[in-house]
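Participant: need a 3D model of the following:
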Amino acid sequence: MSIYKILLLFHTVRFLKAKQIYFRFYYLLRTKLRQFMNGKYNMNISSYAHTHSLTLAPSISAKRLYKNKKFKFLNLEYTFIKDIDWNYQEHGKLWTYNLNYFDYLLQEDLPKEMGLELINNFIEQSASIKDGFMPFPISLRGMNWIKFLSKYKIKDQNISDSLYAQYMILMDNIEYHILGNHLLENGFSLLFGAYYFEDDILYIEAKKILSSELKEQVLNDGAHFELSPMYHQIMLFRVLDCINLIRNNDWKEKDLLTFLMSKAEIMLGWLNTITYENGDIPLLNDSANYIAPTSKELNMYASILNLKPKQLALYNSGYRKIQTEYYEMIVDIGNIGPDYIPGHAHSDTFNFEIYCDNEPFIVDTGLSTYESTVRRTLERSSVSHNTVVVDGINQSEVWGGFRVARRAKIIHLEENKNYIEATHDGYKRIGVQHTRRFISYKDSIVIEDELKSSSIHEGIAYLHFYPNILPKVKGNKIIIKQKEITIHSAKSITLEPYEYAPEFNKRLPAYKVKIVFTEYLKMEIKL
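Facilitator: Reported below is the predicted structural model:
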């Protein structure tokens, strides 16, 4: 291993919590010991269980993912001619995970008999299934099976035994080595399992996880702390489902209910603030369309549960929203997320998006893959965001698909109604501090960039335009129909193609502007 890779790993691991490191080693050593003692760790995939019918208010239906043995996830389809291969890997691990989540059980048009056939097929092949018995797929599958079984009031001992055994595997492998949204998903699912089986052990663990993690993971302004609007929607959906579960079933005292309701209301408030008027979310960090329930669907679900959004000023999340009758702008002036779990973070400090007339104008590049590929590295890098790259390096050292080594920190922040000024230290390793100012007016925005250093460095500011928008560079101006961007103090302004990724495995041709400067740059955006 090279010195560079060693340093990269060091600057990644040093931010982990002691709990993460402990459980990584614990699970690794335990697996080795079990293999040594038994030849192979034999998961118990069947255990006798008693179930209890649950009452649930209508939730959010899944999108159409399955029909006639054809599955479609992440814009990739596959039809199983004979039996379903639950280990199918040709479309990548995330596709395999989706196959094992069983979200499709909650399609509106999926017949009860077909859902039972899919569940029983999975149970029949349990002994050979691999990724499907990881704790994360178990968590999502458990909730989906319970919702489906409760909807149709199905009592099937074979299914109950398999499901309970899966919860025992989950209890044995709770994702304390990862934390973040993974651990929350474990907790949400354990709560569903606890109510379905009336199991106090599952309930105690679920309550412990949800009480501690929601306190930490939901910031004071209502944002989920991994700072992905898409994951925020998913986590809010789970909280709403748990409120639905507790409110409509009387197995336990409802002391957890008030806590979950308070979190749901501020999470809904944050989501409504960050969502554009046309219903889109900003594609910041790991965010893509058509993965999570929409903001509109979540508001409708919350209304059914008699919850009202609690609107708080954006603060801890580092996001700001500026809105006039001419435009909406989302600005990122925060740190990249929790230090110990930045896997869904991008190197995008001071990134921004602009919508005009309810349509995207300047956009984030988006997200098309979770595979550890060149494309994944590109989409997480500073060059793929509307910010400044200095000397061709990333502000935060994103690498390995879901890892970050040294990361940019906000070291100065000043703001008032129409003015934001912030400085980050992501380039301190090359002796540079980057300050960006956003000055907003009714129909225009001024953005200033300043590179402070004892030596000269090359800065490149990028503006990524939505597909079908064709900017034209004329001297120091960028012309887009009736809109105009005037650039001051640039060495060069060039137009380049790029690929916009609004969804997984979907990339559209678009254009970006590359602006080269040294110490100071000013952009006046007239909208």
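Participant: for this protein, list the residue farthest from the centre, please.
Facilitator: Residue farthest from the centre of the chain, counting by Cα atoms, centre = their mean, is Gly475 at 39.8 Å.
Participant: contact partners for the closest residue to Asp364 other than its chain neighbours?
Facilitator: Spatial nearest neighbour of Asp364, excluding adjacent residues (Cβ to Cβ, 6 or more residues apart in numbering): Leu283 at 4.6 Å. No exception for glycine: its C-beta is placed from N, CA and C like everyone else's. Leu283 makes contacts with Pro229, Met230, Asn289, Glu353, Val363, Asp364, Thr365, Gly366, Leu367, Pro502, as judged by Cβ atoms under 8 Å, 6 or more residues apart in numbering.
Participant: just the buried subset of those residues, written out for ChimeraX, thanks.
Facilitator: Per 16 or more other Cβ atoms under 10 Å, the buried members of those correspond to this ChimeraX selection:
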select :229,230,289,353,363,364,365,366,367,502
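Participant: quick check: buried residues in stretch 427-445?
Facilitator: Tyr427, Val432, Gln433, His434, Thr435, Arg436, Arg437, Phe438, Ser440, Ser444, Ile445.
Participant: among those residues, which are in strands?
Facilitator: Gln433, His434, Thr435, Arg436, Arg437, Phe438, Ser440, Ser444, Ile445 (DSSP state E).
Participant: could you look up the SS state of Lys5?
Facilitator: helix (DSSP: H, G, I helix; E, B strand; the rest coil).
Participant: any idea of the pLDDT on it?
Facilitator: As predicted, Lys5 sits at a pLDDT of 86.
Participant: then His11?
Facilitator: With respect to pLDDT, His11 has a value of 89.
Participant: tally of neighbours for the closest residue to it other than its chain neighbours?
Facilitator: In this structure, His11 finds its nearest non-sequential neighbour in Ala405, 3.6 Å apart by Cβ to Cβ, 6+ apart. By the criterion of other Cβ atoms under 10 Å, Ala405 has 20 neighbours.
Participant: please look at Ala405 and Thr12 and confirm they touch.
Facilitator: Yes - at 4.8 Å, Ala405 counts as touching Thr12 under the criterion of Cβ atoms under 8 Å.
Participant: which residues do the two both contact?
Facilitator: Trp399.
Participant: just give the nearest non-adjacent residue to Thr237, would you?
Facilitator: No Thr there; residue 237 is Phe. With Cβ to Cβ, 6+ apart, the residue lying closest to Phe237 is Pro293, at 5.1 Å.
Participant: next up, the contacts around the one you found.
Facilitator: Applying Cβ under 8 Å, 6+ apart, the residues contacting Pro293 are Ile60, Gln233, Ile234, Phe237, Tyr301.
Participant: what about it, distance to Met168?
Facilitator: From Pro293 across to Met168, the span is 30 Å (Cβ to Cβ, to the nearest Å).
Participant: can you list contacts of stretch 209-224?
Facilitator: With Cβ under 8 Å, 6+ apart, stretch 209-224 has contacts from 174, 179-181, 183-184, 186-188, 190-191, 225-226, 231-232, 235-236, 239, 242, 256, 259-260, 263, 266-271, 274, 310, 312-317, 319.
Participant: can you name the next helix or strand after the helix or strand hosting Ile487?
Facilitator: Element membership for Ile487, per DSSP states H and E: strand 483-488. The helix or strand immediately downstream of strand 483-488 is strand 492-503, counting by DSSP H and E.
Participant: so where's the stretch 301-450 of the chain uncertain?
Facilitator: The model of the stretch 301-450 of the chain has no residue with pLDDT under 70.
Participant: strands of that one, start to end?
Facilitator: 319-323, 327-332, 352-356, 359-362, 388-390, 398-399, 403-404, 410-416, 419-424, 433-440, 444-452 (DSSP state E, counting those that start in this stretch).
Participant: in TSV: these, plus distance to Met523.
Facilitator: What follows is the strands of the stretch 301-450 of the chain, written out as TSV (distance: least, Cβ to Cβ, whole Å):
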stretch	distance to Met523
strand 319-323	15
strand 327-332	13
strand 352-356	11
strand 359-362	11
strand 388-390	11
strand 398-399	25
strand 403-404	28
strand 410-416	19
strand 419-424	14
strand 433-440	10
strand 444-452	5
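Participant: compare those strands and give me the one nearest Pro497.
Facilitator: Across these, Pro497 has its closest neighbour in strand 359-362 (15.9 Å, Cβ to Cβ).
Participant: I figured His116 hits Ile154, correct?
Facilitator: Small correction: residue 116 is Leu, not His. Yes - using Cβ under 8 Å, Leu116 is in contact with Ile154, at 7.1 Å.
Participant: just checking, next helix/strand downstream of the helix or strand that contains Leu28?
Facilitator: Secondary structure from DSSP H and E places Leu28 in helix 18-38. Using DSSP H and E, the helix or strand that follows helix 18-38 in sequence is strand 66-67.
Participant: show me what that following strand pairs with in its sheet, parallel or antiparallel.
Facilitator: Take DSSP bridges as the rule and strand 66-67 pairs in its sheet with strand 70-73 (antiparallel).
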